[in-house]
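# fold the following.
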Amino acid sequence: TKPGFICCSFSVFVLKGIKDTIITDCRKSEVWKILILDPFTTKLLSSCCKMSDLMAEKITIVEDLFKKREPVLEMKAIYFMTPTPKCVEAFLGDFEKKPKYKAAYVYFTDYCPDDLFNKMKSRCGKFIRVFKEINISFLPQEAQVFTCNNPEAFRSIYSPHSQDKMSTLETLADQIVTLCATLDEYPGVRYKKESNMENAKTLAELVDDKLAKHYELDDSAKKKGKTQAQLLIVERGFDPVSPILHELSYQKSPRW
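Numbering: from 1, shown residues only. Just a heads-up that it's a prediction; the model follows:
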(Lines give C-alpha, C1' and ligand atoms only; values in the text may rest on other atoms or scores of the structure.)
Protein backbone atom coordinates (compact mmCIF):
# COMPACT_ATOMS: atom_id res chain seq x y z
CA THR A 1 0.00 0.00 0.00
CA LYS A 2 1.25 3.50 -0.82
CA PRO A 3 2.36 5.05 2.50
CA GLY A 4 1.04 8.50 1.64
CA PHE A 5 -2.47 7.14 1.26
CA ILE A 6 -2.51 5.77 4.78
CA CYS A 7 -0.38 8.25 6.72
CA CYS A 8 -1.77 11.56 5.46
CA SER A 9 -3.65 13.95 7.70
CA PHE A 10 -7.28 13.87 6.58
CA SER A 11 -8.08 17.22 8.21
CA VAL A 12 -5.27 18.90 6.24
CA PHE A 13 -6.70 17.68 2.95
CA VAL A 14 -10.23 18.68 3.96
CA LEU A 15 -9.08 22.17 4.95
CA LYS A 16 -7.20 22.51 1.67
CA GLY A 17 -10.32 21.55 -0.29
CA ILE A 18 -12.37 24.14 1.58
CA LYS A 19 -9.71 26.82 1.14
CA ASP A 20 -9.37 26.13 -2.58
CA THR A 21 -13.09 26.64 -3.12
CA ILE A 22 -15.07 28.48 -0.45
CA ILE A 23 -12.25 30.61 0.97
CA THR A 24 -10.77 31.45 -2.44
CA ASP A 25 -14.14 32.73 -3.62
CA CYS A 26 -14.52 34.77 -0.41
CA ARG A 27 -11.22 36.52 -1.02
CA LYS A 28 -12.49 37.90 -4.32
CA SER A 29 -14.99 40.07 -2.45
CA GLU A 30 -14.42 42.79 0.14
CA VAL A 31 -17.91 42.23 1.60
CA TRP A 32 -18.17 40.40 4.92
CA LYS A 33 -20.29 37.26 4.59
CA ILE A 34 -22.48 34.90 6.60
CA LEU A 35 -21.69 31.16 6.56
CA ILE A 36 -24.71 28.84 6.80
CA LEU A 37 -24.15 25.18 7.65
CA ASP A 38 -26.21 22.02 8.14
CA PRO A 39 -25.40 19.55 10.98
CA PHE A 40 -22.96 17.53 8.87
CA THR A 41 -20.99 20.49 7.51
CA THR A 42 -20.90 22.00 11.00
CA LYS A 43 -19.05 18.90 12.21
CA LEU A 44 -16.90 18.88 9.09
CA LEU A 45 -15.77 22.48 9.48
CA SER A 46 -15.26 22.10 13.23
CA SER A 47 -12.88 19.21 12.57
CA CYS A 48 -10.40 21.30 10.59
CA CYS A 49 -10.64 25.01 11.46
CA LYS A 50 -11.61 27.57 14.12
CA MET A 51 -13.92 30.56 14.11
CA SER A 52 -10.90 32.86 14.09
CA ASP A 53 -9.76 31.25 10.83
CA LEU A 54 -13.12 32.04 9.26
CA MET A 55 -13.16 35.63 10.51
CA ALA A 56 -9.75 36.15 8.94
CA GLU A 57 -11.40 35.31 5.62
CA LYS A 58 -14.22 37.87 6.05
CA ILE A 59 -16.81 35.40 7.38
CA THR A 60 -18.35 37.20 10.32
CA ILE A 61 -21.29 34.96 11.34
CA VAL A 62 -21.91 31.19 11.29
CA GLU A 63 -25.56 30.13 11.28
CA ASP A 64 -27.58 26.89 11.36
CA LEU A 65 -29.45 26.22 8.11
CA PHE A 66 -32.47 24.78 9.94
CA LYS A 67 -32.89 27.41 12.64
CA LYS A 68 -34.84 30.64 12.38
CA ARG A 69 -32.56 33.48 11.25
CA GLU A 70 -33.04 37.22 10.97
CA PRO A 71 -32.67 38.72 7.46
CA VAL A 72 -29.44 40.60 6.71
CA LEU A 73 -30.18 42.07 3.30
CA GLU A 74 -26.89 43.94 2.92
CA MET A 75 -24.77 40.76 3.29
CA LYS A 76 -24.04 37.80 1.06
CA ALA A 77 -24.53 34.28 2.41
CA ILE A 78 -22.37 31.20 1.87
CA TYR A 79 -24.31 27.94 2.01
CA PHE A 80 -22.14 24.89 2.70
CA MET A 81 -24.46 21.89 2.89
CA THR A 82 -25.19 18.32 1.86
CA PRO A 83 -27.17 17.82 -1.38
CA THR A 84 -30.38 16.53 0.19
CA PRO A 85 -34.02 17.57 -0.43
CA LYS A 86 -34.27 18.81 3.18
CA CYS A 87 -31.28 21.15 2.80
CA VAL A 88 -32.43 22.43 -0.59
CA GLU A 89 -35.92 23.20 0.72
CA ALA A 90 -34.42 25.12 3.65
CA PHE A 91 -32.28 27.08 1.20
CA LEU A 92 -35.24 27.90 -1.03
CA GLY A 93 -37.16 29.11 2.01
CA ASP A 94 -34.51 31.81 2.51
CA PHE A 95 -35.08 33.38 -0.92
CA GLU A 96 -38.46 32.53 -2.44
CA LYS A 97 -40.83 34.89 -0.62
CA LYS A 98 -38.74 37.49 1.17
CA PRO A 99 -34.99 37.11 0.51
CA LYS A 100 -32.93 37.07 3.69
CA TYR A 101 -29.62 37.91 2.04
CA LYS A 102 -28.21 39.94 -0.83
CA ALA A 103 -26.97 36.85 -2.71
CA ALA A 104 -26.08 33.19 -2.21
CA TYR A 105 -22.83 31.29 -2.74
CA VAL A 106 -23.79 27.60 -2.73
CA TYR A 107 -21.34 24.76 -2.04
CA PHE A 108 -22.36 21.11 -1.78
CA THR A 109 -20.31 18.37 -0.10
CA ASP A 110 -21.07 15.96 -2.93
CA TYR A 111 -22.75 15.65 -6.34
CA CYS A 112 -26.09 17.46 -6.44
CA PRO A 113 -28.82 15.45 -8.23
CA ASP A 114 -30.22 17.10 -11.35
CA ASP A 115 -33.72 17.43 -9.91
CA LEU A 116 -32.49 19.41 -6.89
CA PHE A 117 -30.23 21.57 -9.05
CA ASN A 118 -33.07 22.38 -11.46
CA LYS A 119 -35.38 23.20 -8.55
CA MET A 120 -32.89 25.70 -7.16
CA LYS A 121 -32.22 27.21 -10.58
CA SER A 122 -35.89 27.67 -11.47
CA ARG A 123 -37.10 28.95 -8.10
CA CYS A 124 -34.30 31.28 -7.00
CA GLY A 125 -31.55 31.17 -9.61
CA LYS A 126 -31.26 34.98 -9.75
CA PHE A 127 -29.85 35.05 -6.21
CA ILE A 128 -27.20 32.34 -6.76
CA ARG A 129 -23.76 33.77 -7.60
CA VAL A 130 -21.70 30.57 -7.19
CA PHE A 131 -22.70 26.90 -7.34
CA LYS A 132 -20.01 24.27 -6.71
CA GLU A 133 -19.63 20.66 -5.58
CA ILE A 134 -16.44 20.19 -3.58
CA ASN A 135 -16.50 16.40 -2.97
CA ILE A 136 -15.98 16.24 0.79
CA SER A 137 -18.66 14.12 2.44
CA PHE A 138 -16.67 12.37 5.18
CA LEU A 139 -15.53 13.51 8.61
CA PRO A 140 -11.83 13.48 9.56
CA GLN A 141 -11.46 12.39 13.19
CA GLU A 142 -7.68 12.39 13.43
CA ALA A 143 -4.66 12.19 11.14
CA GLN A 144 -5.31 8.63 10.00
CA VAL A 145 -8.98 8.11 10.84
CA PHE A 146 -12.18 9.22 9.13
CA THR A 147 -15.85 8.35 9.52
CA CYS A 148 -18.89 8.50 7.24
CA ASN A 149 -20.99 9.75 10.17
CA ASN A 150 -23.81 7.28 9.60
CA PRO A 151 -24.57 5.43 12.86
CA GLU A 152 -27.67 3.85 11.30
CA ALA A 153 -25.66 2.14 8.55
CA PHE A 154 -25.11 -1.06 10.54
CA ARG A 155 -28.85 -1.56 11.06
CA SER A 156 -29.63 -0.67 7.43
CA ILE A 157 -27.12 -3.16 6.06
CA TYR A 158 -27.52 -6.10 8.44
CA SER A 159 -31.07 -5.99 9.76
CA PRO A 160 -33.30 -8.64 8.13
CA HIS A 161 -36.12 -6.06 8.18
CA SER A 162 -34.13 -3.31 6.46
CA GLN A 163 -35.64 -1.77 3.35
CA ASP A 164 -32.86 0.72 2.59
CA LYS A 165 -29.79 -1.51 2.43
CA MET A 166 -28.81 -0.65 -1.14
CA SER A 167 -29.38 3.08 -0.70
CA THR A 168 -27.16 2.99 2.40
CA LEU A 169 -24.40 1.17 0.51
CA GLU A 170 -24.75 3.66 -2.35
CA THR A 171 -24.34 6.57 0.07
CA LEU A 172 -21.30 4.99 1.73
CA ALA A 173 -19.75 4.36 -1.70
CA ASP A 174 -20.29 8.01 -2.66
CA GLN A 175 -18.63 9.14 0.58
CA ILE A 176 -15.62 6.87 0.04
CA VAL A 177 -15.24 8.23 -3.48
CA THR A 178 -15.13 11.80 -2.15
CA LEU A 179 -12.39 10.68 0.25
CA CYS A 180 -10.34 9.32 -2.65
CA ALA A 181 -10.98 12.47 -4.68
CA THR A 182 -9.86 14.66 -1.76
CA LEU A 183 -6.61 12.67 -1.57
CA ASP A 184 -6.31 12.69 -5.37
CA GLU A 185 -6.05 8.90 -5.35
CA TYR A 186 -7.54 6.37 -7.76
CA PRO A 187 -6.90 3.19 -5.77
CA GLY A 188 -7.35 -0.43 -6.65
CA VAL A 189 -10.35 -1.75 -4.70
CA ARG A 190 -10.00 -5.12 -2.96
CA TYR A 191 -12.22 -7.25 -0.72
CA LYS A 192 -12.18 -10.75 0.73
CA LYS A 193 -14.31 -13.03 -1.40
CA GLU A 194 -16.36 -15.27 0.89
CA SER A 195 -19.99 -16.35 0.77
CA ASN A 196 -20.79 -14.70 4.10
CA MET A 197 -19.29 -11.34 3.06
CA GLU A 198 -21.58 -10.28 0.23
CA ASN A 199 -21.92 -6.77 1.63
CA ALA A 200 -18.19 -6.11 1.27
CA LYS A 201 -18.36 -7.37 -2.31
CA THR A 202 -21.34 -5.14 -3.12
CA LEU A 203 -19.75 -2.05 -1.56
CA ALA A 204 -16.41 -2.72 -3.28
CA GLU A 205 -18.11 -3.00 -6.68
CA LEU A 206 -20.09 0.20 -6.08
CA VAL A 207 -16.96 2.11 -5.05
CA ASP A 208 -14.97 0.82 -8.01
CA ASP A 209 -17.73 1.77 -10.44
CA LYS A 210 -18.19 5.25 -8.95
CA LEU A 211 -14.43 5.86 -8.92
CA ALA A 212 -14.25 4.97 -12.60
CA LYS A 213 -17.00 7.47 -13.39
CA HIS A 214 -15.46 10.17 -11.21
CA TYR A 215 -12.03 9.84 -12.82
CA GLU A 216 -13.27 9.29 -16.36
CA LEU A 217 -12.00 12.74 -17.28
CA ASP A 218 -9.79 15.09 -15.32
CA ASP A 219 -9.27 18.82 -15.84
CA SER A 220 -6.92 18.23 -18.76
CA ALA A 221 -9.50 16.02 -20.50
CA LYS A 222 -7.25 12.98 -20.07
CA LYS A 223 -8.40 9.82 -18.40
CA LYS A 224 -6.80 9.41 -14.96
CA GLY A 225 -5.08 6.09 -14.42
CA LYS A 226 -4.95 3.98 -11.28
CA THR A 227 -2.56 5.13 -8.58
CA GLN A 228 -0.47 2.82 -6.38
CA ALA A 229 -2.86 2.98 -3.42
CA GLN A 230 -5.01 0.02 -2.45
CA LEU A 231 -8.45 0.38 -0.83
CA LEU A 232 -9.34 -2.62 1.34
CA ILE A 233 -13.02 -3.14 2.14
CA VAL A 234 -13.90 -5.60 4.91
CA GLU A 235 -17.00 -6.16 7.01
CA ARG A 236 -17.71 -7.34 10.53
CA GLY A 237 -17.51 -11.03 9.61
CA PHE A 238 -13.82 -10.47 8.92
CA ASP A 239 -13.25 -9.71 12.62
CA PRO A 240 -16.18 -10.96 14.75
CA VAL A 241 -14.30 -10.77 18.08
CA SER A 242 -13.70 -7.00 18.31
CA PRO A 243 -17.31 -5.95 19.16
CA ILE A 244 -17.37 -8.08 22.33
CA LEU A 245 -14.03 -6.87 23.69
CA HIS A 246 -14.12 -4.32 26.48
CA GLU A 247 -11.65 -2.06 24.69
CA LEU A 248 -9.68 -2.32 21.47
CA SER A 249 -7.74 0.18 19.42
CA TYR A 250 -5.25 -0.28 16.63
CA GLN A 251 -3.66 1.90 14.00
CA LYS A 252 -1.06 1.34 11.34
CA SER A 253 2.34 2.80 12.16
CA PRO A 254 3.64 5.48 9.76
CA ARG A 255 6.87 3.48 9.61
CA TRP A 256 5.02 0.64 7.90
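
# what about the helices in the chain?
In the chain, the helices defined using DSSP state H lie at 3-7, 10-18, 24-27, 39-46, 51-55, 85-93, 114-124, 153-158, 165-182, 198-214.

# any idea which of those scores lowest on pLDDT?
When the helices of the chain are ranked by mean pLDDT, helix 3-7 comes last with a mean of 37.

# grab the longest strand from this structure for me.
strand 72-81 (DSSP state E).

# would a markdown table of the helices of the chain with mean neighbour count be doable?
From N, CA and C alone the C-beta is placed, and that goes for glycine too. Formatted as a markdown table, the helices of the chain follow (neighbours: other Cβ atoms under 10 Å):
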| stretch | mean neighbour count |
| --- | --- |
| helix 3-7 | 14 |
| helix 10-18 | 19 |
| helix 24-27 | 14 |
| helix 39-46 | 18 |
| helix 51-55 | 14 |
| helix 85-93 | 17 |
| helix 114-124 | 14 |
| helix 153-158 | 15 |
| helix 165-182 | 19 |
| helix 198-214 | 18 |
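
# nearest the geometric middle of the chain, what residue?
Nearest to the mean C-alpha position of the chain, by Cα atoms, centre = their mean, lies S137 at 1.0 Å.

# confidence score at it?
S137 is assigned 87 on the pLDDT scale.

# what do you get for L231?
Note on L231: pLDDT of 93.

# mind listing the residues bridging to it?
Beta-bridge partners for L231, by DSSP bridges, are V189.

# show me what contacts it?
Residues near L231 by Cβ atoms under 8 Å, 6 or more residues apart in numbering: 176, 180, 187-190, 207.

# hmm, try it at 7 Å
By Cβ atoms under 7 Å, 6 or more residues apart in numbering, the contact set of L231 is 187-190, 207.

# before we move on, what about D184?
Counted by Cβ under 7 Å, 6+ apart, D184 has zero contacts.

# pLDDT score assigned to it?
At D184, pLDDT is 85.

# related to what we said a few turns ago, what are the pairing partners of the longest strand of the chain, and which direction each?
strand 33-37 (parallel), strand 101-108 (parallel).

# list the buried residues for that strand?
72, 75-81 (16 or more other Cβ atoms under 10 Å).

# so it versus helix 39-46, what angle?
90 degrees (axes from the mean of the first three to the mean of the last three Cα atoms, to 10 degrees).

# rewinding a little: please identify which of the helices of the chain is closest to D64.
helix 39-46 (7.4 Å; Cβ to Cβ).

# ok, and what's touching stretch 38-53?
Here stretch 38-53 makes contact (Cβ under 7 Å, 6+ apart) with 11, 14-15, 37, 62, 65-66, 80-82, 87, 109, 136, 139-140, 149.

# return the distance of it from the chain's centre.
12 Å (Cα atoms, centre = their mean, to the nearest Å).

# what distance separates the start and the end of that stretch?
With Cα to Cα, to the nearest Å applied, stretch 38-53 spans 19 Å between its terminal residues.

# domains of the chain?
Listed domain ranges for the chain are 3-133, 150-244 (source: automatic domain parsing).

# can you say which of these is nearest to Q144?
With Cβ to Cβ as the measure, domain 3-133 is the member of those nearest Q144 (6.5 Å).

# the residue nearest to the centre of the chain contacts Q175, correct?
Yes. The pair S137 / Q175 is scored as a contact, 4.8 Å apart, by Cβ atoms under 7 Å.

# common neighbours of the two, please.
Joint contacts of S137 and Q175 (Cβ under 7 Å, 6+ apart) do not exist.

# got the contact list for the nearest residue to G225 once chain neighbours are set aside?
In space, and not counting its chain neighbours, G225 is closest to Y186: 6.9 Å by Cβ to Cβ, 6 or more residues apart in numbering. Contact analysis of Y186 by Cβ under 7 Å, 6+ apart lists 180, 211, 215, 224-227.
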